[in-house]
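J.: let me see the structure of the following:
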Amino acid sequence: MFTLPELPFDPGAFGTFISAETFEYHHGKHHAGYVKKLNAAIEGTLYAQMTIEELVAASRRDDNVAVFNNAAQHFNHSFFWQCLSPEGGEPSGALKTAMDQAWGSTEAFKTKFSDAAATLFGSGWVWLVRQSDGTLAIRQEKNAETPAGTGDVPLLTLDVWEHAHYIDHRNDRARFIEQFWEHVNWEFVKSQLK
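T.: Now for the predicted structure:
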């Protein structure tokens with residue numbers, strides 16, 4: 001059975017980007033709800049013995065939408081919390097080199113990623129991934145879709161579901177995306193570039 005992870009930071013430390021109230025709803029209600037529904041859906045099945053990545057891949061393969069949606073959202077949210085940091089910073093080392101090779105500069109990458117987040121119609125996620133050939137790519141994923149359980153290695157994500165920003169930014173998704181760059185945990189992102 002899966003559990004709701006603790007937030008790896010103080011939920012009141014993000015200023016105007018994300019409030020403690022948003023984390024209370026986003027983590028404490030939305031993410032917790034996915035975990036509760038996932039556990040109920042897999043109890044007593046073979047899925048209950050799988051890791052979250054195995055479960056995402058198997059439920060995608062089996063076209064088990066109820067399990068997939070909750071498993072993918074649990075994975076996505078757990079990953080998203082790790083991508084956030086009150087302090088922020090900038091990419092460095094092999095990560096920066098790979099981003100520069102793919103987009104020319106960190107700023108060009110941020111622009112492309114922000115554009116993908118701003119233009120994703122409806123709800124979903126934007127991901128930076130390492131593809132099987134080692135190159136980096138940006139993926140727009142609708143609803144609960146995720147790179148977990150695929151050939152892509154997830155490095156960074158931004159949740160652009162309305163519940164991620166509505167309390168603090170209302171319908172101003174662009175402002176939410178802009179402030180995201182001040183709070184990326186680049187050390188975590190770099191650690192995923194295995």
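J.: CA atoms only: put the helix or strand where residue 137 lies into PDB for me.
T.: Secondary structure from DSSP states H and E places residue 137 in strand 136-142. C-alpha atoms of strand 136-142 as PDB (Å, rounded to 0.1, in the frame of the first residue of the first chain):
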ATOM      1  CA  LEU A 136      16.800  16.100 -23.200                       C
ATOM      2  CA  ALA A 137      13.300  16.900 -24.200                       C
ATOM      3  CA  ILE A 138      10.200  18.800 -23.000                       C
ATOM      4  CA  ARG A 139       6.900  16.900 -22.800                       C
ATOM      5  CA  GLN A 140       3.400  18.300 -22.400                       C
ATOM      6  CA  GLU A 141       1.300  15.600 -20.700                       C
ATOM      7  CA  LYS A 142      -2.500  15.900 -20.400                       C
END
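J.: any idea how far that strand is from the chain center?
T.: Centroid separation between strand 136-142 and its chain, computed with CA atoms, centre = their mean, to the nearest Å, is 11 Å.
J.: buried ones in it, by neighbour count?
T.: Buried residues in strand 136-142, counted by 16 or more other CB atoms under 10 Å: 136, 138-141. For glycine as for every other residue, the C-beta is placed from the backbone atoms N, C-alpha and C.
J.: kindly report the domain assignment for the protein.
T.: Under automatic domain parsing, the residue ranges defining each domain of the chain are 20-82, 93-191.
J.: how about the contacts made by residue 179?
T.: If you count contacts by CB atoms under 8 Å, 6 or more residues apart in numbering, residue 179 has them with 16-17.
J.: that one - that's part of a helix, no?
T.: Yes: assessed with DSSP: H, G, I helix; E, B strand; the rest coil, residue 179 lies in a helix.
J.: distance of it from residue 71?
T.: Distance, residue 179 to residue 71, by CB to CB, to the nearest Å: 29 Å.
J.: what's the helix or strand for residue 101?
T.: Counting by DSSP H and E, residue 101 is part of helix 93-103.
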